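1. could you work out the structure for the sequence below:
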Amino acid sequence: MSSKLQKAKGFKKSRTGLYFSIATSLIGVPGTVKRAKEAKKEGDTLQLIDVAVSAAGIVTGVVLLVRELRRLDSDDILSD
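-> Sure thing, here's the model as predicted:
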């Protein structure tokens with residue numbers, strides 16, 4: 001059982017795992033855009049703020065994952 005857990009942890013930090021994480025993060029974009037359009041149409045400021053916070057979370061998550069992906073590509077330890 002421990003080897004399966006280690007494989008799962010290794011996958012998360014692998015190139016494929018990072019691409020998968022980016023894709024799953026981006027799945028929320030269409031729903032967020034839809035909510036933004038509805039909130040704007042209704043003039044609901046609180047909903048717009050909620051959408052902005054959700055969008056910021058998605059963007060931040062993707063940027064962090066891309067940074068990890070670039071670190072995997074980097075062979076130079078001193079470049080960080």
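
2. how close does the residue lying closest to Leu72 once chain neighbours are set aside get to Gly28?
-> Residue nearest to Leu72 in three dimensions, not counting chain neighbours: Arg15, with 5.9 Å by C-beta to C-beta, 6 or more residues apart in numbering. (Each C-beta comes from the backbone N, C-alpha and C, glycine too.) Distance of Arg15 to Gly28, given as C-beta to C-beta, to the nearest Å: 22 Å.

3. the more surrounded of these two?
-> More crowded of Arg15 and Gly28, by other C-beta atoms under 10 Å: Gly28, with 14 against 11.

4. isn't the more buried one up against Val59?
-> No: using C-beta atoms under 8 Å, Gly28 is not in contact with Val59; the gap is 10.8 Å.

5. number of nearby residues for Gln47?
-> Neighbour count for Gln47, taken as other C-beta under 10 Å: 15.

6. that one - nearest residue in space that isn't next to it in sequence?
-> Counting by C-beta to C-beta, 6+ apart, Ala39 is the residue found nearest to Gln47 once chain neighbours are left out, at 3.5 Å.
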